[in-house]
Every structure is written in C-alpha cells, then in structure tokens.
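Undergrad: here you go, sequence then predicted model.
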Amino acid sequence: MTRHTRRADRGRLFSRSLAGLGATTLAASVAVAGLAPGVSSASSHREAPLIAGDPRADNTDLYAFTSPDRPDTVTFVANWIPFEEPDGGPNFYQFADDARYNIKIDSDGDGRADLTYSWKFRTHVRDAEGQFLYNTGPVTSLDDPDLNIRQTYSLTVTDRWGQRHKLLRDAPVAPSRVGNASMPDYAALRDEAVVEAGRGTRSFAGQTEDPFFADLRVFDLLYGGDLSKRGKDTFAGYNVNTIALQVPKKALALHHSPKRNPVIGVWSTTDRKGADVTGKGAGHDRWRQVSRLGNPLVNEVVVPLKFKDAFNTLEPFQDRTVQPVVDKVLDPILPKLVEQVYGIPAPPAPRRDLFEIFLTGICEECGPIKADLNSHRLNRDARPETIVPAEELRLNMSVPVTEQPQRLAVLAGDLGGWPNGRRLTDDVVDIALQAAEGAAQTGELVDALAEGDKVDANDVTFGARFPYVALPHQGSTPDGRAAKTSATASESAVKRAVAPAVSTGLATAGIGLLGFGGLRMWRERDRSRRHRHGH
C-alpha cells in the first residue's frame with residue numbers, strides 16, 4: 001500500500017399514516033427540491049432510460065458489509081460503467097473528469113447524509129499528439145512513463161454541517177487491464193492503487209471484474225414461462241470501474257458509538273454540473289444528482305418506467321412524499337407478473353413487509369417482520385421524531401461476520417447479508433424474488449421459485465482482503481465474449497462460501513423460519529450482552 005498526500009483531517013417511523021406519505025406527486029417533489037434529472041440518471045445496470053447515454057455516470061451496484069479481515073471497519077464498494085468489454089481499446093474505461101462520485105452515510109435515520117465521501121477524478125495524458133495508444137510499453141507501476149493515459153483523484157469527506165476535509169490528493173487509479181503484454185503483473189498495479197487515507201481509512205479506485213451475477217434473460221417475460229432457460233450469468237466476463245472505501249465503524253456511527261448506535265443507511269450517487277433532463281442548462285456551476293443507488297433492484301423492478309429517471313434525482317428523505325413510488329412498494333408489479341406467467345398467486349397488498357425492507361429497515365415495531373435487524377430505531381441516540389421512511393441500504397454493524405456466508409443471507413439464517421447491508425456473495429436476485437413473493441413475512445420460501453435464476457455465484461472468486469473485488473478480466477473468446485481469466489492475485493485468492501442450492505424439501509420445511517428464528521436468537525443475545533455491559 002502507498003500513502004498519499006492528505007489532510008488531518010436524524011417521528012417514529014409509523015407515527016403518521018401511510019396515506020400521509022403521498023400527498024405530493026413525484027413531479028411536485030422534484031420541483032420543490034429544486035432537482036431535475038441530468039444528462040443521465042440510473043442505478044443498477046442500464047435500468048433507467050437516460051443512463052444508456054452516459055455510462056460513466058451509471059452507478060451499477062452498491063455493497064456495504066463488515067470487513068471480514070478487519071471487523072472493526074465497514075467496506076463500501078460502488079461500481080460504475082456497466083458491461084465493460086475487456087478488449088475495449090484503444091479507448092479504454094475511465095472515470096469522468098466532469099463528474100463527482102459519492103458514497104453517503106445516514107447515521108440517525110432522517111434520510112439525509114451525515115457523511116458524504118466524494119471522489120473527483122483527473123485524467124493525465126503524456127503524449128496526446130504523437131500517440132493513440134493507452135500505453136506505449138509494458139507498465140510495471142502506476143507512474144510508469146509507458147502508461148500514456150492515467151488518472152488520479154481527490155477524496156473529501158463532508159459532515160452534516162457542511163464541513164469538508166480533504167483525505168487524499170492525487171491518489172492513483174488502477175488502469176484498465178489492457179492485457180499481459182501491456183501489464184504483465186496487474187495484481188501489483190492493483191495493490192499500488194490501494195491507499196491509506198488516514199485514521200484507519202483505505203481507498204481504492206480502478207477497474208475490476210463485475211461482481212454482480214444474474215441471468216438477465218428474466219426480462220424476456222420471466223424466461224417466457226420456460227424455467228429451463230435459466231442459468232446463464234449475463235455479467236460473466238465483463239468488468240466495471242470500482243470505488244471502494246474501508247472506514248472504521250466509530251467514524252460512521254451516530255455519536256461515534258457503534259455499540260449504542262450500530263445502524264447506518266448507505267447510498268451512492270453521481271453528480272454532474274449543468275444539463276437538466278432536456279439537455280438544457282449546460283454551463284451552470286451547480287452540481288446536479290443524476291444517479292442514485294441504495295438497495296439493489298429497486299429502480300430496476302419496483303419503480304415504474306415513467307418515474308425512474310426523476311427518482312434518481314431525489315434524496316432519500318424525499319422518498320416518502322413520492323406517492324407513485326410508495327404505491328409500487330406497497331403494491332408491487334413483479335408478483336403480479338409472476339402470477340400472470342407462472343400462476344403463483346401474488347401476496348395481497350398492501351405489502352408492508354416490502355415497505356419495511358426497502359424504506360424503514362427491519363424492526364419489531366416497523367411492520368409485519370417481527371424481528372429487530374437494521375432499522376435506525378435500534379440506534380439508542382437517534383431521535384424517533386426525526387426518523388423517516390427512506391430508501392437506503394441499511395447495515396447493522398453489530399452483526400458479526402459470517403464464517404460461512406449463505407447466498408440467501410437472512411432468508412437462510414445468515415444475518416450478515418442483504419437486506420442487512422450487502423456482501424459481494426449475496427444472491428440478491430433470488431433473495432429479492434423470494435421477498436417479493438412474501439418469504440420474508442411468511443418465513444417460507446416459495447417452492448416453485450426456490451432455484452431463482454439458477455445463477456448462484458459469481459463466475460470468479462473474490463479476494464480475501466480490501467478491496468475484495470476480483471481483478472478485471474482480460475482477453476476475449478472467439479465468439480467475442482470475455483474470457484474468464486484468473487481474477488484474483490494468488491496471495492489473496494479465497495474460495496467463495498456459497499450455500500448449496502435450496503431444495504424443494506428444504507423450502508417446504510421452512511428454511512426461512514430458520515433465518516428469522518436465528519435473527520431473534522441473535523437479538524436476544526445482543527440484548528443480553530448490552531445489559532451485561534451497561535449499554
């Protein structure tokens with residue numbers, strides 16, 4: 001690791017009725033906020049209409065989890081630029097110089113950022129007039145003269161009062177992986193791009209293998225009613241650009257006390273200056289949010305098409321005012337489509353279980369999922385009257401690291417994964433499908449959908465140390481798809497711990513009950529521990 005220049009340095013959730021949440025329309029909420037969709041707006045891979053024209057602003061995935069090798073810290077991984085083909089030269093993949101990339105933390109539940117970590121990139125070209133190549137010879141370090149195009153970044157953190165501190169200046173970005181001839185030891189370049197940002201914080205920016213795994217043929221009318229067509233990982237062999245951050249839990253928790261206040265909410269955004277949804281307004285100095293991502297698949301399968309782009313311009317505290325979106329959480333589209341195609345009855349509305357998962361976090365007083373897991377109401381120092389429903393990826397930092405992560409996470413008794421944060425190994429497509437069909441509320445998996453999309457794991461192994469994501473793919477197969485090259489350095493390779501496929505027998509036996517039963521047992525142990533220690 002290298003050290004670079006740095007400076008030392010939020011009612012109760014249901015105190016109002018759901019009807020009161022949506023008196024304002026989506027358009028009005030956007031106008032009141034002074035926000036408008038920018039030149040692009042999306043979360044997850046290309047799911048909002050405008051984002052296809054601006055992939056460098058497309059925030060594809062967000063992860064937040066307790067670091068397995070440094071359990072006193074939390075790791076955030078946010079990805080941009082979907083479907084990077086490894087042989088994508090001569091113009092490879094770079095972060096935008098005219099954008100601002102953010103990871104935001106809500107520690108008190110008011111839907112507003114208490115900490116905002118912001119990355120701003122700068123591209124350097126050694127020879128723009130006499131060269132077209134990304135690199136002019138073998139690259140052995142990030143400051144190698146043969147690396148013709150390179151990027152650096154600054155990292156700042158802004159607190160709830162607007163006080164800004166510069167953590168890094170001119171930190172290096174890991175380049176696109178051109179190939180073995182150009183970058184004979186890419187793992188060394190990756191390691192060089194992991195930098196210390198002071199006070200136990202680490203940062204990484206650069207190209208990585210896309211850790212998301214799913215069979216996106218599901219959008220072909222749920223495989224056209226033919227489940228035999230499942231099982232192909234659409235993202236296998238593709239890369240993304242990644243920003244990763246590892247921060248001590250004390251720095252993230254309300255009042256710097258993760259024991260008293262273990263729950264945080266997380267989302268990532270992209271900002272651009274100038275243009276609104278019509279393309280007008282360019283040249284304005286004001287930063288505008290054009291992309292937003294919290295929980296996986298929300299804007300992809302919950303938000304209706306008409307509202308996707310505008311939704312991504314909102315801050316989480318505004319979500320409860322957007323009735324068309326709240327309506328689709330309480331009465332979602334996906335279960336009705338599953339019923340139409342496969343004849344599986346959709347759970348009756350209103351879906352307060354989904355409201356709990358996506359907008360409030362899970363707690364006994366929050367909704368029908370009678371367990372305390374990751375609502376901000378669990379923070380002892382949070383003010384109940386200021387906590388609001390808001391779409392955030394919530395993480396209870398007191399849940400210990402799972403030695404054998406289960407791909408279905410909470411539904412399989414593993415409380416360390418989504419919807420409690422999100423790990424790289426969590427099978428969010430299968431979890432979300434089961435949750436949409438009511439599994440989180442009933443405690444039983446839906447038998448007919450127990451295998452989900454039949455893509456249960458990533459195509460390559462993840463790393464054992466920060467930033468954990470695998471090295472980017474290189475090369476292509478004869479059919480044009482990216483080859484599955486070795487994705488992690490040998491010294492950091494680790495076997496993925498993926499649960500076996502859930503059988504029909506296990507599903508009908510109620511493995512989901514094991515999950516939330518385990519949650520309750522964990523909660524009782526936690527209460528006992530806090531009582532013994534006076535917390």
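TA: Nice, I can see it.

Undergrad: show me what contacts K273?
TA: Contact analysis of K273 by Cβ atoms under 8 Å, 6 or more residues apart in numbering lists D98, H284, D285, R286, W287, R288. (Glycine included, C-beta is placed from N, CA and C.)

Undergrad: what ranges do the strands span in the stretch 301-450 of the chain?
TA: 393-396 (DSSP state E, counting those that start in this stretch).

Undergrad: now the contacts of K273: which count as buried?
TA: The neighbour-count test (16 or more other Cβ atoms under 10 Å) applied to those identifies W287, R288 as buried.

Undergrad: which of the contacts of K273 sits closest to Q474?
TA: D98 (28.3 Å; Cβ to Cβ).

Undergrad: I'd guessed that closest one sits against R272; true?
TA: Yes - D98 is in contact with R272 according to Cβ atoms under 8 Å; the separation is 6.6 Å.

Undergrad: spatially central residue in this protein, please.
TA: By Cα atoms, centre = their mean, the mean C-alpha position of the chain lies nearest to L62, the distance being 1.2 Å.

Undergrad: packing partners of the helix or strand hosting that one?
TA: L62 is located in strand 59-66, with elements delineated by DSSP states H and E. Packing contacts for strand 59-66, counted by 3 or more Cβ pairs under 8 Å, 6 or more residues apart in numbering; DSSP states H and E, involve strand 73-84, strand 263-273, strand 287-293, strand 393-396.

Undergrad: what mean pLDDT does that strand have?
TA: Strand 59-66 comes out with an average pLDDT of 97.

Undergrad: contact partners for the residue lying farthest from the centre of the chain?
TA: Of all residues in the chain, G130 has its C-alpha farthest from the mean position, at 40.3 Å, by Cα atoms, centre = their mean. Contact analysis of G130 by Cβ under 8 Å, 6+ apart lists nothing.

Undergrad: now the residue nearest to the centre of the chain: how far from T140?
TA: 33 Å (Cβ to Cβ, to the nearest Å).

Undergrad: do R292 as well
TA: When R292 is compared with T140 (using Cβ to Cβ), they lie 39 Å apart.

Undergrad: the more surrounded of the two?
TA: R292 (26 against 15; other Cβ atoms under 10 Å).

Undergrad: once you drop chain neighbours, what's closest to that one?
TA: The shortest distance from R292 to any non-neighbouring residue, by Cβ to Cβ, 6 or more residues apart in numbering, is to N312 (4.4 Å).

Undergrad: how about the helices in the stretch 101-250 of the chain?
TA: In the stretch 101-250 of the chain, the segments counted as helices under DSSP state H, counting those that start in this stretch are 186-192, 221-224, 249-252.

Undergrad: F213 touches V460, doesn't it?
TA: No - counting by Cβ under 8 Å, F213 sits too far from V460 to count as a contact (9.9 Å).

Undergrad: how about the contacts made by the nearest residue to V302 once chain neighbours are set aside?
TA: Distance criterion Cβ to Cβ, 6+ apart; nearest residue to V302, sequence neighbours excluded, is K328 at 5.5 Å. Going by Cβ under 8 Å, 6+ apart, K328 touches V302, V303, P304.

Undergrad: can I get the buried part of those as one PyMOL selection?
TA: Typed into PyMOL, the line below selects the buried ones among these, using 16+ other Cβ under 10 Å:
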select buried, resi 302+303
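
Undergrad: any chance of the contacts of K328 in a markdown table, plus pLDDT and distance to L167?
TA: Below are the contacts of K328 laid out as a markdown table (pLDDT from 0 to 100; distance: Cβ to Cβ, whole Å):
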| residue | pLDDT | distance to L167 |
| --- | --- | --- |
| V302 | 92 | 34 |
| V303 | 91 | 33 |
| P304 | 90 | 39 |
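
Undergrad: among the contacts of K328, which one sits closest to E392?
TA: V302 (14.1 Å).

Undergrad: I'd assumed F358 was in contact with that closest one.
TA: Yes - V302 lies in contact with F358 (Cβ under 8 Å); the separation is 7.2 Å.

Undergrad: tell me which helix or strand of this protein sits lowest on mean pLDDT?
TA: Ranked by mean pLDDT, DSSP states H and E, the weakest helix or strand in the chain is helix 504-509, scoring a mean of 30.

Undergrad: tell me the pLDDT of V218.
TA: Value listed for V218 in the pLDDT field: 88.

Undergrad: what is the burial count for the residue lying closest to it once chain neighbours are set aside?
TA: Closest residue to V218 apart from its sequence neighbours, by Cβ to Cβ, 6+ apart: D453 at 6.0 Å. D453 has 25 neighbours, counted by other Cβ under 10 Å.

Undergrad: residue contacts, D453?
TA: D453 neighbours (Cβ under 8 Å, 6+ apart): A214, D215, V218, R230, G231, V429, D430, L433.

Undergrad: would you turn those residues into JSON lines with neighbour count?
TA: Shown next, in JSON lines, are the contacts of D453 (neighbours: other Cβ atoms under 10 Å):
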{"residue": "A214", "neighbour count": "20"}
{"residue": "D215", "neighbour count": "19"}
{"residue": "V218", "neighbour count": "17"}
{"residue": "R230", "neighbour count": "16"}
{"residue": "G231", "neighbour count": "14"}
{"residue": "V429", "neighbour count": "21"}
{"residue": "D430", "neighbour count": "25"}
{"residue": "L433", "neighbour count": "24"}
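
Undergrad: on that earlier part again, any idea which of the helices of the stretch 101-250 of the chain scores lowest on pLDDT?
TA: In terms of average pLDDT, helix 221-224 trails the rest of the helices of the stretch 101-250 of the chain, at a mean of 88.

Undergrad: can you point out the buried residues in that helix?
TA: So helix 221-224, judged by 16+ other Cβ under 10 Å, has buried residues L222, Y223.

Undergrad: circling back to that earlier point, ramachandran angles for the residue nearest to R292?
TA: phi -70, psi -10 (degrees, to the nearest 10).

Undergrad: pLDDT score assigned to it?
TA: On pLDDT, N312 comes in at 85.

Undergrad: ok, how many other residues are close to it?
TA: Counted with other Cβ under 10 Å, N312 comes out at 29.

Undergrad: how about the secondary structure of N299?
TA: Secondary structure, DSSP: H, G, I helix; E, B strand; the rest coil: N299 is helix.
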